[in-house]
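Peer 1: quick one: sequence plus predicted model below, questions after.
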Amino acid sequence: MSEIIVYGLDGNVQGSVNFDITEKATNSVAFARAIRVLRQNWRQGTVGCKTRAELAFSNRKPWKQKGTGRARAGSLRSPLWRKGGVIFGPQPRTRTLSMNGKEMNLVFNNILFSKLAEKAIACLDFNVSAEKPVTKLAQKMLKAADLDNKKVLLFLPFDDITSIASFRNIPNVHIVSFDQPNAFDLINGGCWVFFKKDVDLFKEMISRWN
């Protein structure tokens, strides 16, 4: 049984949230593979340069073969010349790596318990009914919970537009949807934060890592 502290708007402890999840054996190799898969799949693969066949220059011979005293030249597109083509340069391509779900859940489980050991998971009682974003109130609550100088990974439902708009402009806050966690953001976030109203969504998310 694990416990997460709930903080109010004034920073006072209001209680705790308990959940039951089994800790799995740590696998550093699986974690390294998960990060490599993410970073590789995030690459756009749009870098490229032109070969001599793709240049718009004329392909005529610059000067005759003999009698000029200059070195032989066959084309303005030669890679030896300025503005010529590139030999073996990068070309647009897509590389994708994959990782099975069981191994990915193991990585998420390891990260979760590492954050629990660091006491780097907090629940905030932030439930504002205002129709407009309230960034000032969001900053006040982070400061009250002593999270204003930490890298915060905030879990929110994708349809909670008001909360997203309230926190997205705060520099130290990175927002992630409950249904789209990834190993890079989970380990890079200094402190995980979710709201008391979203406890069931948080429990549902981590239950998949059991």
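Peer 2: Cool, got the structure.

Peer 1: could you use CA atoms for every contact and neighbour count after this?
Peer 2: Fine.

Peer 1: report the buried residues of stretch 97-105.
Peer 2: Residues E103, M104, N105 are the ones in stretch 97-105 that count as buried (16 or more other Cα atoms under 10 Å).

Peer 1: cool, and stretch 144-152?
Peer 2: A144, A145, L147, D148, K151, V152.

Peer 1: contacts only, for the residue positioned nearest the centre of the chain.
Peer 2: With distances taken as Cα atoms, centre = their mean, D185 lies nearest the centre of the chain, 4.9 Å away. Contacts for D185 were tallied using Cα atoms under 8 Å, 6 or more residues apart in numbering; they are L153.

Peer 1: go with 10 Å
Peer 2: When contacts are counted by Cα atoms under 10 Å, 6 or more residues apart in numbering, D185 touches I35, L153, H174, I175, V176.

Peer 1: go on, D125?
Peer 2: 6-11, 13-14, 141, 194-198.

Peer 1: hmm, 7 Å instead?
Peer 2: V6, Y7, G8, L9, F195, K196 (Cα atoms under 7 Å, 6 or more residues apart in numbering).

Peer 1: now those residues in CSV, with neighbour count, distance to G69 and pLDDT?
Peer 2: Formatted as CSV, these follow (neighbours: other Cα atoms under 10 Å; distance: Cα to Cα, whole Å; pLDDT from 0 to 100):
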residue, neighbour count, distance to G69, pLDDT
V6, 21, 85, 84
Y7, 23, 84, 80
G8, 17, 86, 78
L9, 19, 84, 74
F195, 20, 80, 91
K196, 20, 83, 89
